[in-house]
Each structure stands twice: as structure tokens, then as C-alpha cells.
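Asks: coordinates only, sequence not included:
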């Protein structure tokens, strides 16, 4: 049974909920990565991996969503910039013929 943070009476209960959420986050990140993997297949050259306007659009959107959920904007932005950076590097490598 899922508990809200305030309903947790001790650290064991908090840890159970954090572990549950970590599992869900990994599942979602794996799903997201599937789309990153597909994206490079739809592009022709490494330069197409970096799309500055799209990067900013994603950052603005997730930062705003994070702030709506009381998540520090700087944390959300830092996490997504890391995700995006990994994705760009992966796409560039694939498009250059590395790791195919």
C-alpha cells in the first residue's frame, strides 16, 4: 500500500516508499530511453542530434512542471540537462556509426 510522506511513521516506511518510486522512475527512464534510441534512427547525421530550440522547450516545460509539484526548478533542470546530454551523445555516436 502506498503511503504519503506524512503518513510514514518511521524511516523504514519512508525507505519503502522511496524504493517504490525509484523502481517507477527507472521504468519511466527506460521507456524514455527507448524513444531516444528511436530518435537517432530517424536522423541522418550527427549534427541533427542537437536541436537547441527543442532542448530549451523541454527544459522550460519540465522545469515548470517540477515547480508546480514543489520540486526545485534548479534540480529539475539539472536532471533533465543530464538526461538530454546523455541522449545527444548517444545519438551522435550512433549517427557516426559507433556502437551500432
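Replies: Arrived safely. Worth saying up front: this structure is predicted, and the values here are computed from it rather than measured.
Asks: Okay, buried residues for the lengthiest helix in the chain please.
Replies: Looking across the chain with DSSP state H, the single longest helix is helix 11-41. Neighbour counts over helix 11-41 (16 or more other CB atoms under 10 Å) mark 36, 39, 40 as buried. For the C-beta atoms, the positions are set from N, CA and C on the backbone; glycine is no exception.
Asks: Nearest to residue 82 among those?
Replies: Here the nearest of these to residue 82, counting by CB to CB, is residue 36; it sits at 13.0 Å.
Asks: Cross-check the contact I'm expecting between the closest one and residue 90.
Replies: Yes. Using CB atoms under 8 Å, residue 36 is in contact with residue 90, at 6.3 Å.
Asks: so where is this protein shaky, pLDDT-wise?
Replies: 99-100 (pLDDT under 70).
Asks: Against the centre of the chain, work out the most remote residue.
Replies: residue 9 (30.4 Å; CA atoms, centre = their mean).
Asks: Report the secondary structure state of that one.
Replies: The assignment at residue 9 comes out as coil when based on DSSP: H, G, I helix; E, B strand; the rest coil.
Asks: how close does it sit to residue 64?
Replies: Distance of residue 9 to residue 64, computed by CB to CB, to the nearest Å: 34 Å.
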